[in-house]
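In: I would like to see how this sequence folds:
(2 chains)
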Number of protein chains: 2
Amino acid sequence: MSVEIKGTTRLLGLIGDPIAQAKSPSAINPIFVARSVDIACVPLHVPPADLSTIWAGLKAMPNLVGFGITLPYKQTAIGLCDTLDPVADRVGAVNLVRRERDGSFRGYQFDGKGFVRGLRSRKVATEDRDVLLVGAGGAAIAIAFALVEAGAKRVVVSNRTVEKAEALAGAVNSYFRRSVARAGNPVSTAGQLVINATSLGLKTADPLPFDPVVLKPGMTVAEVIAEPEITPLLLQAKARGVETHSGMHMINSQVDLIADHICEIWGEVT
Amino acid sequence: MSVEIKGTTRLLGLIGDPIAQAKSPSAINPIFVARSVDIACVPLHVPPADLSTIWAGLKAMPNLVGFGITLPYKQTAIGLCDTLDPVADRVGAVNLVRRERDGSFRGYQFDGKGFVRGLRSRKVATEDRDVLLVGAGGAAIAIAFALVEAGAKRVVVSNRTVEKAEALAGAVNSYFRRSVARAGNPVSTAGQLVINATSLGLKTADPLPFDPVVLKPGMTVAEVIAEPEITPLLLQAKARGVETHSGMHMINSQVDLIADHICEIWGEVT
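Out: Next up, the predicted model:
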């Protein structure tokens, strides 16, 4: 869908390197158009050596209302934002910078909320559910907190480096003031929600993130990987009669959340 | 007309302060769409204190192919471009910065060519014509050179500060190596093309740029002022049965020239 750009149009950037592959502008602009808000999302190619120069330039342009962040700047951005939303701070990564009412740039993170919203959009239950979370990096951190917030009963964090899994489980328990998460091996329990939050599956040569023998009918396997839309893990799950949930749903749900969040301040209807 | 923005889309900025009133994005985007080139023109609000910071940021973004310049940066930009096209250098003002193939920013000026193209679009003759050019600032300089290039027979430059008129006439004669321009008072000759290249007429309280008693049928009066489209001077000319030519034509013709110039390097059809 197309967008009409006028002198009054506000810009939402998207920074990354490379940027040509980015799908967000095509995904979010139709939402702004449908809401009759005068905002256009535009790709901004940011070479690594120039991040701080470009960041300063973006900061100085009042009609730029913020920018999405894609690879490789999600972690670096933490140190460049004026303030951080607690979720971004906890995850150690930013995927949206918003210009606040006072002109400052605040960093936000929508991976966790986007993941949960993606599950809901496909009617995958989270309430009172046992979760096996594979991985303990940025995506896993975001998802662990969001799932407990969404009512998950127990979260087992499984990670190659056990210390990282223990640290994540400890952080979750300390935040929610109860023992809801623990580090452990990928063992199956009936009706479990199993999540791959590692990057394994992004490349064709990757091994599976865990042995699919744990997967049983009645469980759900969810991916954070959106490209390929059907990962080898999801194929294995399908073959075992297990419900699958593609990483695409997290991406699509994030676009809605980001549009909401930008429009909260900058979305007067024109 | 609307434009589809994807990850691959290149950006042509438009810098100014204020920027909300700018018409170029709505005018140039339909041209890019009609040519099937993946470029979008977007407004960039640049507060005066931040021009150099923003300029550096724009320079560092490879998918930004350049930017138009509106008030108040046309003169300041001269000192910020890496190189200047001779026309911009001569006029002392830039209205388009283009990223060249080597990544550098080169300043261009399309007022003169745009003005002549605007006359042609309305079949106003320039070949062998007597010209009375009122004003000796940036717009007048650009137009004087472009008109002589377009075959004008003689150019009389009339300006409140006579020295500036003499300097302009001298520069034109020296460039074309013949005596084609001179400074002088606004006196009419039959069939003359009379041009207001001052800013008088922009505000309602402005006096006329010259006494309209010199205007006679058979002459043409042309404006550089586009807003209002019909200036008090043009009204006076109409009342005297004199052909009129609005400043809008210069603006519209420049948009075509600028699209051509950007597409020369960045306009592969997608």
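In: Grab the nearest non-local neighbour of residue A:257.
Out: Sequence neighbours aside, residue A:110 is the residue nearest to residue A:257 in space, at 4.9 Å (criterion: C-beta to C-beta, 6 or more residues apart in numbering or on different chains). Just so you know, the C-beta spots here come from the backbone N, C-alpha and C atoms, and that holds for glycine as well.
In: meant to ask about residue A:37, not that
Out: Using C-beta to C-beta, 6+ apart and skipping residues adjacent in sequence, the residue nearest residue A:37 is residue A:267, 4.4 Å away.
In: Roughly how far does the nearest residue to residue A:222 once chain neighbours are set aside sit from residue B:266?
Out: With sequence-adjacent residues excluded and distances taken as C-beta to C-beta, 6+ apart, residue A:222 is closest to residue A:245, at 3.9 Å. According to C-beta to C-beta, to the nearest Å, residue A:245 stands 41 Å off from residue B:266.
In: And the two? Which one has more around it.
Out: Higher neighbour count among residue A:245 and residue B:266: residue A:245, with 22 against 18, using other C-beta atoms under 10 Å in any protein chain shown.
In: which SSE is the residue of chain A found nearest chain B in?
Out: Using C-beta to the nearest C-beta, the closest approach of chain A to chain B is made by residue A:57 at 1.8 Å. Per DSSP states H and E: residue A:57 is located in helix A:51-59.
In: what's residue A:91 in contact with, if anything?
Out: Residue A:91 makes contacts with A:109, A:111, A:112, A:138, A:141, A:142, as judged by C-beta atoms under 8 Å, 6 or more residues apart in numbering or on different chains.
In: go on, residue A:216?
Out: By C-beta under 8 Å, 6+ apart, the contact set of residue A:216 is A:188, A:190, A:240, A:242.
In: For chain A, what lies in contact range of chain B?
Out: A:1-9, A:11, A:14, A:19-26, A:29, A:40-47, A:50, A:53-58, A:60-64 (C-beta under 8 Å from any C-beta of the partner chain).
In: burial count for the residue nearest to residue A:257?
Out: That count, for residue A:110 with other C-beta under 10 Å as the rule, works out to 26.
In: One more: residue A:190?
Out: 9.
In: Return the distance of it relative to residue A:169.
Out: For residue A:190, the distance to residue A:169 - C-beta to C-beta - is 22 Å.
In: do residue A:218 as well
Out: Taken as C-beta to C-beta, the span from residue A:218 to residue A:169 is 25 Å.
In: okay, these two: which has more neighbours?
Out: Per other C-beta under 10 Å, whichever of residue A:218 and residue A:169 has more neighbours is residue A:169, with 23 against 12.
In: Which parts of chain A are strands?
Out: Here chain A has its strands, by DSSP state E, at A:10-16, A:39-45, A:64-69, A:83-84, A:96-99, A:105-108, A:130-134, A:154-158, A:181-183, A:193-196, A:220-223, A:243-245.
In: Residue nearest the middle of chain A, spatially speaking?
Out: Geometric centre of chain A, nearest residue: residue A:111, 2.0 Å, by C-alpha atoms, centre = their mean.
In: wait, that residue sits on residue A:138?
Out: Yes - the criterion here is C-beta atoms under 8 Å, and residue A:111 meets it with residue A:138 at 7.3 Å.
In: Overlap in contacts, these two.
Out: Joint contacts of residue A:111 and residue A:138 (C-beta under 8 Å, 6+ apart) are A:91, A:93.
In: quick check: domain ranges of chain A?
Out: Following automatic domain parsing, chain A resolves into domains at A:10-109, A:112-250.
In: Just send the ones you listed back as TSV, with distance to residue B:35 and mean pLDDT too.
Out: Shown next, in TSV, are these (distance: least, C-beta to C-beta, whole Å; pLDDT from 0 to 100):
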stretch	distance to residue B:35	mean pLDDT
domain A:10-109	19	96
domain A:112-250	31	95
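In: and residue B:88, which of the ones you listed is closest to it?
Out: For the domains of chain A, the distance to residue B:88 is smallest for domain A:10-109, at 22.7 Å, taking C-beta to C-beta.
In: check contacts around residue A:266.
Out: With C-beta under 8 Å, 6+ apart, residue A:266 has these contacts: A:10, A:37, A:39, A:65, A:99.
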